[in-house]
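*Asks:* got a sequence here, can you model it:
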Amino acid sequence: DFFALVLYKKSSSQNSKLQEHLVPFIKQLSKVVLAIIFLFAVLGIVFKLNVGSIIAGLGIGGIAVALAGKETLENLLATIAIFIDKPFVSGDLIKIDDIVGNIETVGFRTTRIRTLDKSSLTIPNKQLIDKPLENLSRRVMHRVKQTLTFSYDLSKDQIQDILNILNNTLQSFEFTAHFRMVYLDNFANSGYEITLIYTIDAVEYELFWSRKEMVNLAIN
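*Replies:* Down below sits the predicted model:
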């Protein structure tokens with residue numbers, strides 16, 4: 001616990017999220033290893049048992065234990081894969097299936113995520129490497145696609161005016177400069193469909209929604 005605390009404070013001072021992510025795992029792993037060593041030491045020194053024979057016997061029994069704890073072993077290997085591949089670090093906002101949340105801790109078997117509605121969700125680590133995982137914190141921009149419908153009562157000139165207004169609206173924001181496109185997309189039963197595709201320069205999820213709202217209000 002002491003060494004883990006020192007490592008954690010050191011990583012915090014260096015703003016190293018990976019080390020903050022890794023320290024709790026090393027702490028738990030070290031405790032398990034020390035507990036196993038202590039157990040064999042007690043069996044050998046206090047109870048005078050042949051530790052070598054016990055370890056050899058565990059080799060046979062270990063096969064049955066491995067089969068019984070197959071999922072646990074798979075999750076443990078997935079944990080190691082997560083630390084090697086580094087698909088995310090503590091604090092990152094990720095999306096897997098329909099789940100969106102911030103990484104809190106990675107344990108032996110599971111990873112704890114704080115969802116957007118602030119509930120705590122525990123996911124098996126194997127699921128994190130078996131399914132497509134999107135790290136939203138590593139986005140440099142967000143893509144937006146919107147379709148607006150206008151009545152067929154409008155003339156061709158009025159539709160062209162609308163296209164020009166929408167183009168000018170998107171051009172008025174610096175954070176949409178990377179990519180923006182406005183075009184008459186379709187003739188639907190309900191009317192003309194005009195599609196807007198643009199990107200918003202924002203890394204933080206909250207900033208993206210705030211800027212998207214600004215664009216929507218301007219369009220409105």
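*Asks:* ends of stretch 145-158, how far apart?
*Replies:* End-to-end distance for stretch 145-158, by Cα to Cα, to the nearest Å: 22 Å.
*Asks:* so what touches it?
*Replies:* Identification of contacts with stretch 145-158 by Cβ atoms under 8 Å, 6 or more residues apart in numbering yields 159, 162, 166, 185, 188, 190-197, 219. Placement of C-beta: from N, CA and C, glycine included.
*Asks:* contacts for stretch 201-220?
*Replies:* With Cβ under 8 Å, 6+ apart as the test, stretch 201-220 has contacts from 93, 136-137, 139-142, 144, 148, 166, 169-170, 172-173, 175-178, 196, 198, 200.
*Asks:* restricted to strands, list the residues you listed.
*Replies:* Counting by DSSP state E, the part of these found in strands is Leu93, His142, Val144, Leu148, Leu196, Tyr198, Ile200.
*Asks:* those residues: which two are farthest apart?
*Replies:* Leu93 and Leu148 (29.3 Å; Cβ to Cβ).
*Asks:* Ser119: which of the ones in strands among the contacts of stretch 201-220 is nearest?
*Replies:* Among those, and counting by Cβ to Cβ, the member closest to Ser119 is Leu93, at 14.9 Å.
*Asks:* surely that closest one meets Glu134?
*Replies:* No - assessed by Cβ atoms under 8 Å, Leu93 is found out of contact with Glu134, at 9.4 Å.
*Asks:* list the buried residues for stretch 75-88?
*Replies:* Using 16 or more other Cβ atoms under 10 Å as the test for burial, stretch 75-88 gives Asn75, Leu76, Ala78, Thr79, Ile82, Pro87, Phe88.
*Asks:* ugh, typo on my part, it should be stretch 100-108
*Replies:* For stretch 100-108, a neighbour-count test (16+ other Cβ under 10 Å) marks Val100, Gly101, Asn102, Ile103, Glu104, Thr105, Val106 as buried.
*Asks:* got CSV for the residues you listed, with distance to Asp117 too?
*Replies:* Shown next, in CSV, are these (distance: Cβ to Cβ, whole Å):
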residue, distance to Asp117
Val100, 10
Gly101, 9
Asn102, 12
Ile103, 16
Glu104, 15
Thr105, 19
Val106, 21
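*Asks:* in strands, which of those residues appear?
*Replies:* In strands, judged by DSSP E, the following of those are found: Val100, Gly101, Asn102, Ile103, Glu104, Thr105, Val106.
*Asks:* and after the lowest-mean-pLDDT helix or strand in the chain, which helix or strand comes next?
*Replies:* None of the helices or strands of the chain scores lower by mean pLDDT, DSSP states H and E than helix 51-68, at a mean of 65. Downstream of helix 51-68, the next assigned helix or strand under DSSP states H and E is helix 70-85.
*Asks:* now find how far off-centre that following helix is within its chain.
*Replies:* Put simply, helix 70-85 sits 17 Å off its chain's centre (Cα atoms, centre = their mean, to the nearest Å).
*Asks:* check which helices and strands that helix is in contact with.
*Replies:* Secondary-structure packing of helix 70-85 (3 or more Cβ pairs under 8 Å, 6 or more residues apart in numbering; DSSP states H and E): helix 17-45, strand 99-106, strand 120-124, helix 125-130.
*Asks:* OK, contacts around the spatially most central residue of the chain?
*Replies:* Among the residues of the chain, the one closest to the centroid is Ile94, at 2.0 Å (Cα atoms, centre = their mean). When contacts are counted by Cβ under 8 Å, 6+ apart, Ile94 touches Phe88, Val100, Gly101, Asn102, Ile103, Ile113, Leu133, Glu134, Asn135, Leu136, Ser137.
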